[in-house]
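Novice: here is my input; please provide its structure:
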Amino acid sequence: MRLVIDGQRLTAERTGVGRCLESLLAEWALTGLPLAETLVVLRDPGGRNRVPLIDGLSTKVVGERWSGLAWEWFGLARELRPDDLLFAPANLVPWPWRGRTVLVIYDTLPWVVPESFPRLVRWRFGWRYRLAAHQADRILVPSQATAHDVARVHGVPSERIRVTYPGPEPEFRPLARDSPEVIEARRHVGVESSPYFLFVGKRSRRRNVPAILQAFASHRQAHPGHRLVFVGPDDPGDLPGPADGTIRAGHVAEPILRSLLAGAIALLYPSDYEGFGLPVVEALASGCPVVTLRNSALVEAGGDAPWYLDSADAPALAVALETLSTSEEERRKCIARGFDHVAQFSRSQFAREVKDELIRAASSSLIST
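Specialist: Predicted structure coming up:
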C-alpha cells in the first residue's frame, strides 16, 4: 500500500495549508514516514523544494497549468491506485476517488460566515467540501470548535472526527529587539527602528481590516512614529500607504516572519472566525502579545494569553494598541501567559498524531480486505 498525499498547496510561496503540510513532512523526515512508500502529487514544480529528500518519499508534478478542480479530479485522481491510502490535507477529495481517505478539514467558513464569500464561491466549494467530508474514512480537524462545526454542518458522526492541534515550528521563539535577526527583518520590510504592530495572513473580510486601520489611525495621533505591517498575500484592496504608517510587506521568507513576530508590539488578529488560528500560536511562541476576538477556535489557540475583544470595535482595538505599546507590565503578563499556553502545542506532537491516524487508516484497510 502506498500513501499518496495531495500536495497542491505546496507551492513556491509558503502559505497556510502548505505550511502545515510542509511541517508534517519535515517532522516525518526525522521520525519516519507513516507508510514506507509515499508519493506527494504536486501542481506547482516549486513545491518540490518543500519536500524533504529521504528514502521512500517521492514527488510527481501533474497538471501544472490546470485549474484546481481539473487538477483534483483528473490529475491527482489519475495518479491514485485502488489500494492506495489518500491523505487529503486541504479540505477536498477528488470526486472520482472511492478508496481509503484521511481528510483534513480546517474550518467550515462558507457556512459559519457566509457573508465573507461571494455566493458563487460558496456554491463552487461548498458542495465539494461536504462531498469530501462524506467520502473520507477519517477527518482530522485543528480544534474542538471545528470538530463541533464539522459534525453539525456536514452531518458527520463524531467518531469519524479527530482533533489534532497544529504546533508552531521550533524556530518560532523569542528574540531580543536588538538581535541581528530582528534588525534584519525590520530593514527588510522598511520599518527600521520604528515600533510596529503586525498583521499576518489574508486580508479576508472576517479579519476586520477596516477596524484595524481605524484603530491604528486613532492610535497614531498620539504615536506618529508607530507602524502597522501587513504580511501575507497582497490582495486587491486599498490600504493606506507609508505616509500613514502602513506597510505592505507581502509574502516574506520564514526567517523574516519569525523575526517580525519576535520584534512586534503585538499581532493584530481580530477575526470573526478561525478553524484554529496558527498565527496566534506562532506569535505567543515568539513572545509577541496577541489582540484577537473571543470566538470560534481562537480561545483554544490563545488560551488566557491574548487581549480578547468581544467584537472588532475600533475604539476597543485602539485601547489595546495603546496599552500594549505603553505598559511593559501588561506586555510581560501577556507574554508569560503565552509561553505557558503554547507549551502544550508542538510540531512533533502534531506530526505524530497525524501519522498515527494514517497508520490506523492503512491498518483498517488491510483488515477489511
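
Novice: would you mark the buried spots in the longest helix seen in the chain?
Specialist: In the chain, assigned by DSSP state H, the helix with the most residues is helix 347-368. In terms of neighbour count (16 or more other CB atoms under 10 Å), helix 347-368 has its buried residues at 347, 350-351, 353-355, 357-358, 361-362, 365. All C-beta atoms are positioned from the backbone trio N, CA, C, and that covers glycine.

Novice: would a markdown table of those residues with pLDDT and distance to Asp304 be doable?
Specialist: Conversion of those to a markdown table gives the following (pLDDT from 0 to 100; distance: CB to CB, whole Å):
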| residue | pLDDT | distance to Asp304 |
| --- | --- | --- |
| Arg347 | 94 | 23 |
| Phe350 | 96 | 22 |
| Ala351 | 97 | 27 |
| Glu353 | 97 | 24 |
| Val354 | 97 | 27 |
| Lys355 | 98 | 30 |
| Glu357 | 97 | 29 |
| Leu358 | 97 | 33 |
| Ala361 | 94 | 35 |
| Ala362 | 94 | 39 |
| Ser365 | 58 | 42 |
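
Novice: closest one to Thr323 out of those residues, please.
Specialist: Closest to Thr323 out of these is Arg347 (31.9 Å), distances taken as CB to CB.

Novice: quick check: the closest one touching Cys20?
Specialist: No: the criterion here is CB atoms under 8 Å, and Arg347 misses it with Cys20 at 9.7 Å.

Novice: adding distance to Cys288, write the buried residues of helix 347-368 out as JSON lines.
Specialist: What follows is the buried residues of helix 347-368, written out as JSON lines (distance: CB to CB, whole Å):
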{"residue": "Arg347", "distance to Cys288": "18"}
{"residue": "Phe350", "distance to Cys288": "21"}
{"residue": "Ala351", "distance to Cys288": "24"}
{"residue": "Glu353", "distance to Cys288": "26"}
{"residue": "Val354", "distance to Cys288": "27"}
{"residue": "Lys355", "distance to Cys288": "30"}
{"residue": "Glu357", "distance to Cys288": "31"}
{"residue": "Leu358", "distance to Cys288": "33"}
{"residue": "Ala361", "distance to Cys288": "37"}
{"residue": "Ala362", "distance to Cys288": "39"}
{"residue": "Ser365", "distance to Cys288": "43"}
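
Novice: give me the common contacts of Arg347 and Cys20.
Specialist: Pro166 (CB atoms under 8 Å, 6 or more residues apart in numbering).

Novice: all strands of the stretch 201-350 of the chain, in order?
Specialist: 227-231, 246-250, 267-269, 290-293, 307-309 (DSSP state E, counting those that start in this stretch).

Novice: so who does the residue nearest to Pro289 when sequence neighbours are not counted touch?
Specialist: Counting by CB to CB, 6 or more residues apart in numbering, Cys334 is the residue found nearest to Pro289 once chain neighbours are left out, at 4.0 Å. Cys334 is in contact with 289-290, 305-307, 324, counting by CB under 8 Å, 6+ apart.

Novice: Gly7 and Asp244, how far apart?
Specialist: 40 Å (CB to CB, to the nearest Å).

Novice: got it, and Ser286?
Specialist: 26 Å.

Novice: what of Leu85?
Specialist: Here Leu85 is placed at a distance of 52 Å from Asp244 (CB to CB).

Novice: comparing the two, which residue is more hemmed in?
Specialist: Leu85 (25 against 14; other CB atoms under 10 Å).

Novice: shaky segments in the chain?
Specialist: The model of the chain has pLDDT under 70 over residues 236-237, 365-369.
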